[in-house]
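J.: Model the structure of this input:
(4 chains)
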4 protein chains.
Amino acid sequence: MIIVLKSDLSEEKLHRLAERIESNGFYTRPVSQYSKLLLSVDGPNTEKIAKEVTKWQDVEEVIDGHFPYYLASRKCIKTNSVIKIGKGDNQVAFGGKEIPLIAGPCAIETAETALAIAEKVKEAGIKVFRGMLFKPRSSPYSFQGIGKNGLEILDEIKRRTGLLIVTEVRESSEADLVSDHVDVFQIGTRNMSNFQLLKHVGQTNKPVILKRGMGSNIVELLCAAEYILSYGNPNVILCERGIRTFEQYTRFGLDIAAIPSVKELSHLPIIIDPSHSSGKSSLVSALTMAGIAAGADGVIMEVHDNPEKAFSDGTESITPSQLKELIKLGKKVASAVDRRI
Amino acid sequence: MIIVLKSDLSEEKLHRLAERIESNGFYTRPVSQYSKLLLSVDGPNTEKIAKEVTKWQDVEEVIDGHFPYYLASRKCIKTNSVIKIGKGDNQVAFGGKEIPLIAGPCAIETAETALAIAEKVKEAGIKVFRGMLFKPRSSPYSFQGIGKNGLEILDEIKRRTGLLIVTEVRESSEADLVSDHVDVFQIGTRNMSNFQLLKHVGQTNKPVILKRGMGSNIVELLCAAEYILSYGNPNVILCERGIRTFEQYTRFGLDIAAIPSVKELSHLPIIIDPSHSSGKSSLVSALTMAGIAAGADGVIMEVHDNPEKAFSDGTESITPSQLKELIKLGKKVASAVDRRI
Amino acid sequence: MIIVLKSDLSEEKLHRLAERIESNGFYTRPVSQYSKLLLSVDGPNTEKIAKEVTKWQDVEEVIDGHFPYYLASRKCIKTNSVIKIGKGDNQVAFGGKEIPLIAGPCAIETAETALAIAEKVKEAGIKVFRGMLFKPRSSPYSFQGIGKNGLEILDEIKRRTGLLIVTEVRESSEADLVSDHVDVFQIGTRNMSNFQLLKHVGQTNKPVILKRGMGSNIVELLCAAEYILSYGNPNVILCERGIRTFEQYTRFGLDIAAIPSVKELSHLPIIIDPSHSSGKSSLVSALTMAGIAAGADGVIMEVHDNPEKAFSDGTESITPSQLKELIKLGKKVASAVDRRI
Amino acid sequence: MIIVLKSDLSEEKLHRLAERIESNGFYTRPVSQYSKLLLSVDGPNTEKIAKEVTKWQDVEEVIDGHFPYYLASRKCIKTNSVIKIGKGDNQVAFGGKEIPLIAGPCAIETAETALAIAEKVKEAGIKVFRGMLFKPRSSPYSFQGIGKNGLEILDEIKRRTGLLIVTEVRESSEADLVSDHVDVFQIGTRNMSNFQLLKHVGQTNKPVILKRGMGSNIVELLCAAEYILSYGNPNVILCERGIRTFEQYTRFGLDIAAIPSVKELSHLPIIIDPSHSSGKSSLVSALTMAGIAAGADGVIMEVHDNPEKAFSDGTESITPSQLKELIKLGKKVASAVDRRI
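T.: This next block holds a predicted model:
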């Protein structure tokens, strides 16, 4: 259960209110986000006291029941949230007029290949690089990423190109490890419901790209975002990356309607991943255009200068020259919907 | 099994070839489409003779096995097919530079309301009207459409507005009944695998909008098109209208990747239905833009001047003024991808 | 909209009631089934009069809105319906203690093979034979069944073995054609929403096995049954044959929960098809046992004495000796749940 | 990539073999399980050396590519694995003749209610209790479980009833925390792809119930098991708990075919969860019978003595008296398939 409080509530009153609830056998956790003050109430059978609490003064609203989320909702924040990464000239914003593109290989392989790709995507006009060190893989015998040894490579890429860097984290310790080296955490589709990880990155201030679970619905995605927001981190960027469907021509079904649906329900920016959703490089450009036209706030895609030699997911990577074509077209589509790349 | 023959094959040779196959206990059906000559071979266990036939002179290729389609494929026709409806100034083409929009109410209700909507969509710049008389409904007690009594209304709309007209047919007799009154048959999602109906419209020359089955994959859609093509009618327009997924925020999941996927596999035009797929008028514009940007060759959507009073599917209908806004934006997106509305 | 009337309503009163509704611009159709009297009201905007009609005397209930079905529901009939096929000693009943098994090849191929299989399944204890002459196939170039030429074969099988016969019909004319030769119509998954066909078989008295659409939910299946029931035919046997899911190890996902779910919602018998749902002969026995244990009222399965040489779907056919093993085990499981095979 | 080695390979030879591979820039990890010796090779582009390694002496097989799993496969172990929990008289085995039932509330609420339910399920004949302290919940504001405070309650239940205890762990630290208090770890559907957690419990010897991800296919489930097996823990019990489908009458679609499918592919025991899959207490008994008849090696279900007052998932809990009925019937079905409850 979550109690939305009057925002000018004094610390003392909050404290008393919490005590009163705890005396009924519940745990409380004050949540402060977006200048809002909330009290999360944990424990079995909250509906028992929900009705009563609604009547208390200083209480604006009590939200209980299935799938409750508040901070991530339009109800809480009416205008689109803009999440910024990087600083100064280098800054990139998700959720405003700009539609940032994120590009890079599926995984960092070697310093040489990673740097080569980084330079090529930079040259194509990209400002954010995807540099994955830790790969969640279905099989324990598939390439798991080069791990922490890759941090130096990321540092080197940053130094040489100035690119902002996104990397995936699969557990709290990985988030701590990479934190000083990267600009954005990615939480992958397999970890959208890894609530411990969500809570952990919620206690940092680092922007987080939160990918939708392949078997999760839109409301569950927003609830996952709520974990991060309610633990203090407002910098959440949602990502539609395809869901499981019966269609097998593509690896996953990009749920394009999720973009305007999320815009209806939430103020958070949402980007798309045309590479993982389709699993086919030939479809990446069309899906990117679709995403931009539907209102996506960014695109994350795989680029490899030699897709056939990529260590994983090569079939879905586009080449740097295909990237340039894609950007050229993307600029036009973005402009048509009054955005810009 | 389908045998692709050398296209300059004489009638006599074709006849002898067919006889030879029939003498093995199979039925044959000559198929002539796109200046190609094929022989469809029906009967159990065709693989038995497939290998042998491959070696025959005059035979270019033998296609057998799961999901065989040939006429609908890029292999058969390399360039995009353009399907024209109407005549002269009134003509509209699907599959070329133009992206025609089709609009109208979910169902024809009364002459007055239908005419009023027709005039408004015409005024908005629409050239093709969806005027459904026969509604396939899950329940026998739901509104089944006004039926053949509506033909006069369609005639009147045509006379007054000059709009081209699409109507749904659920069985062969309905196709015959409406044939002189409408410009395009629609075969709905529930009838994509009604093969008798496919064969019947395949024997006409009337353009057909063939909607994807809600539980059918892309290859099955192309096979359904193959029925129509192989029975003689080249005028097939495919329609992605959403598939069944676990996501319940929208009624169906618009499979946006189906557009570039179909373009890879087939030369046939493909349009989208943002209204039925989402079931939410608020999502129609964004999905339309996505479709256009992804390469759709047209859009069919529901428009009602009083959605709340619509007899069916009101929640997914947009108003004429929303349609105007949608067209304004659509023109820009179309132009960005070098098309036009 | 459907109006449930007091069952002792005089013809005259019914007539007047219908007139009163028609004077409001609606069509009415009297429905008589299970000693119930109903009036189906067709036309746009029935909700306008629904409220008023509720108040009329002689009206028990008015059902309107999404997915309305009444005759197929437990609300209408509390006890399980038992559908009988055949006569005298030969009679088989679906929905009672007995769990009839239906077996035979995917398609009738030749008189010899069909007879051989028929004799073997008969010998195994089977009373109902599946003998398909018309095959709905995704591709126009796949084996479409031997068609009406097979009627003689079915007659011969009946004469020699006394087996009751199920055959699939894809359109009304096929139903008429086979009617005198077979005991049960099957409406396949691709035709569950072929409402014209449903209405047609609804006007006969022949038992119908109605297979669930691969993309249709349980309520839609019951609505499809309602078409048949409301046109006069009470002999509907539902069939769960697997739905489309993302899992690809099996061809379709047998929705085992559909069995007890249908039992909650409806009085109609429901059988399962373990062959088509799985597409793997190795899974047929386990799925059959699951179905029986979950309450299925019958099983339809594919048997071929030489599965590798079957013209279609050979990989899912079991052999006659596997059938015997299956029956042996099935008898035990049936007995455990107080049923019998 | 995984290299299966001759099992009598000396430590020294293994060491040299690993060195040789590492000199090519790969990481190696020796895996020892089921008296088999394997070498897992991690790094990009393993296919480069896969072919060469195949030729090396001492190498039995090299497995590479999509979804590789070996230890979990029938290829590795031909006979069914039996996983034992508890000791002496109290011991329960999964994968043998016995089909153990696991029952208890969705979550531990209070000592009183938990003990009351424990005593009732014990009385009904249950030997394993599900006692969840940590609940992964979609929303941060839903009841998260009573946490470590509940350990005392579990101890008390064990002391008083002798029931073996299963509890869910969401992260490594929770596994460490509960390890001395419980007999089985459960890894829930949302954590099936939490590979860090899989590796961690793989390094213990505690039996693990591994639930299938709601968006994961069967092969991915086996790959997840492979993580645990390859890190040293052979005690893996798989659990089919329903997948996401378009059908909404049940919360998830119990994939009954997964049971015989897993039996084909793997030697590991598999149990079912009829409660979470259906979300409806009225369906639990039928699904349990289906599972047993299909070959399930156990059932985990929710039991609450006052389902309407349960803090979470009350609608899917059965009562102790329903449990007794279920067991009575289950014994018969188990016996029919030559198993016992």
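J.: So which residues on chain A come close to chain C?
T.: Contact residues, chain A versus chain C (Cβ under 8 Å from any Cβ of the partner chain): A:244-246, A:248. Using the backbone N, CA and C atoms, a C-beta is placed for each residue, glycine as well.
J.: Spell out which residues of the stretch 101-250 of chain A are next to chain B.
T.: Taking Cβ under 8 Å from any Cβ as the criterion, the stretch 101-250 of chain A approaches chain B at residues A:215, A:217-219, A:243-250.
J.: quick one, what contacts the residue nearest to residue A:192 when sequence neighbours are not counted?
T.: Nearest residue to residue A:192 in three dimensions, chain neighbours excluded: residue A:213, at 3.9 Å (Cβ to Cβ, 6 or more residues apart in numbering or on different chains). Going by Cβ atoms under 8 Å, 6 or more residues apart in numbering or on different chains, residue A:213 touches A:189-190, A:192-193, A:220-221, A:224, D:215.
J.: One more pass at 6 Å, please.
T.: Taking Cβ atoms under 6 Å, 6 or more residues apart in numbering or on different chains as the criterion, residue A:213 is in contact with A:189, A:192-193.
J.: got the residues of the stretch 101-250 of chain A next to chain B as TSV, with neighbour count, pLDDT and secondary structure columns?
T.: Formatted as TSV, those follow (neighbours: other Cβ atoms under 10 Å in any protein chain shown; pLDDT from 0 to 100; DSSP: H, G, I helix; E, B strand; the rest coil):
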residue	neighbour count	pLDDT	secondary structure
A:215	22	98	coil
A:217	22	97	coil
A:218	24	98	helix
A:219	20	97	helix
A:243	26	98	strand
A:244	25	98	coil
A:245	26	98	coil
A:246	23	98	coil
A:247	22	98	coil
A:248	11	96	coil
A:249	19	96	coil
A:250	23	97	coil
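J.: now, which of the residues you listed lie close to chain D?
T.: Here is what survives when those are matched to chain D using Cβ under 6 Å from any Cβ of the partner chain: A:215, A:244.
J.: can you tell me which two in the residues of the stretch 101-250 of chain A next to chain B are farthest apart?
T.: The span of these, defined through Cβ to Cβ, is set by A:219 and A:249 at 27.6 Å.
J.: for the nearest residue to residue A:129 once chain neighbours are set aside, phi and psi?
T.: Take residue A:129 and drop its neighbours on the chain: the residue closest to it by Cβ to Cβ, 6+ apart is residue A:163, 4.0 Å away. Per-residue torsions, residue A:163: phi -60, psi 140 (degrees, to the nearest 10).
J.: Which pLDDT value belongs to residue A:163?
T.: In this model, residue A:163 is scored at 97, pLDDT.
J.: how near is it to chain B?
T.: Applying Cβ to the nearest Cβ, to the nearest Å, the value for residue A:163 to chain B is 27 Å.
J.: Residue A:279 too?
T.: Distance from residue A:279 to chain B, by Cβ to the nearest Cβ: 10 Å.
J.: try residue A:326
T.: From residue A:326 to chain B the distance is 12 Å (Cβ to the nearest Cβ).
J.: A helix includes that residue, no?
T.: Yes - counting by DSSP: H, G, I helix; E, B strand; the rest coil, residue A:326 falls inside a helix.
J.: Surely it is in contact with residue A:287?
T.: No - between residue A:326 and residue A:287 there is no contact under Cβ atoms under 6 Å: 10.2 Å.
J.: These two: who's more crowded?
T.: Between residue A:326 and residue A:287, counted using other Cβ atoms under 10 Å in any protein chain shown, the more crowded position is residue A:287 (30 against 24).
J.: Count the neighbours of the closest residue to that one other than its chain neighbours for me.
T.: Among residues not flanking residue A:287 along the chain, residue A:274 sits closest, at 3.6 Å (Cβ to Cβ, 6+ apart). Residue A:274 has 31 neighbours, counted by other Cβ under 10 Å.
J.: What does the pLDDT read for residue A:274?
T.: Note for residue A:274: predicted pLDDT of 98.
J.: From chain D, how far off is it?
T.: Counting by Cβ to the nearest Cβ - residue A:274 and chain D are separated by 19 Å.
J.: list the contacts for the closest residue to chain D within chain A?
T.: Using Cβ to the nearest Cβ, the closest approach of chain A to chain D is made by residue A:215 at 1.8 Å. Residue A:215 makes contacts with A:244, D:214-215, D:244, as judged by Cβ under 6 Å, 6+ apart.
J.: Distance to residue D:112 added to these, as TSV?
T.: Compiled in TSV, these are given as follows (distance: Cβ to Cβ, whole Å):
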residue	distance to residue D:112
A:244	42
D:214	33
D:215	38
D:244	36
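J.: Which of those residues sits closest to residue B:102?
T.: For these, the nearest to residue B:102 is residue A:244 (31.6 Å; Cβ to Cβ).
J.: hang on, that closest one packs against residue C:246?
T.: Yes - between residue A:244 and residue C:246 there is a contact at 3.9 Å, judged by Cβ under 6 Å.
J.: in the stretch 1-150 of chain A, which spans are helices?
T.: Using DSSP state H, counting those that start in this stretch, the helices of the stretch 1-150 of chain A run over A:11-22, A:47-55, A:111-123.
J.: Which of those helices has the lowest mean pLDDT?
T.: In terms of mean pLDDT, the lowest-scoring of the helices of the stretch 1-150 of chain A is helix A:47-55 (a mean of 87).
J.: Point out the residues in chain A that sit beside chain D.
T.: When proximity is defined by Cβ under 6 Å from any Cβ, chain A lies next to chain D at A:1-2, A:40, A:42, A:44-45, A:67-68, A:109, A:136, A:138-141, A:143-144, A:170-171, A:190, A:193-196, A:214-215, A:220, A:223, A:226-227, A:230, A:244, A:311.
J.: Buried ones among the residues you listed?
T.: Neighbour-count burial (16 or more other Cβ atoms under 10 Å in any protein chain shown) is assigned, among those, to A:1-2, A:40, A:42, A:44-45, A:68, A:109, A:136, A:138-141, A:143-144, A:170-171, A:190, A:193-196, A:214-215, A:220, A:223, A:226-227, A:230, A:244, A:311.
J.: what's the residue nearest the centre of chain A sitting at in phi/psi?
T.: With distances taken as Cα atoms, centre = their mean, chain A has residue A:209 as the residue nearest its mean C-alpha position (2.1 Å). Note on residue A:209: its backbone torsions stand at phi -90, psi 120 [degrees, to the nearest 10].
J.: List the residues that contact it.
T.: Contacts of residue A:209 (Cβ under 6 Å, 6+ apart): A:184, A:186, A:237, A:239.
J.: Strands - which of these land there?
T.: A:184, A:186, A:237, A:239 (DSSP state E).
J.: with those in mind, which one is nearest to residue B:22?
T.: Using Cβ to Cβ, residue A:239 comes nearest to residue B:22 of those, at 58.0 Å.
J.: Could you check how many residues crowd around the closest one?
T.: Counted with other Cβ under 10 Å, residues neighbouring residue A:239 total 28.
J.: Tell me the bridge partners for it.
T.: When assigned by DSSP bridges, residue A:239 has beta-bridge partners residue A:211, residue A:271.
J.: picking that back up, among the residues of chain A next to chain D, which lie within strands?
T.: A:2, A:40, A:42.
J.: Assess the claim that the second one and residue A:1 are in contact.
T.: No - with the criterion set as Cβ under 6 Å, residue A:40 and residue A:1 do not qualify as a contacting pair; they are 7.5 Å apart.
J.: residues near the closest residue to residue A:199 other than its chain neighbours, how many?
T.: Distance criterion Cβ to Cβ, 6+ apart; nearest residue to residue A:199, sequence neighbours excluded, is residue A:231 at 5.2 Å. The local packing of residue A:231 (other Cβ under 10 Å) involves 19 other residues.
J.: show me what contacts residue A:231?
T.: Contact analysis of residue A:231 by Cβ under 6 Å, 6+ apart lists A:199, A:202-203.
J.: quick one: which of the residues you listed is nearest residue B:88?
T.: Out of the contacts of residue A:231, the member with the shortest distance to residue B:88 (by Cβ to Cβ) is residue A:202, at 64.1 Å.
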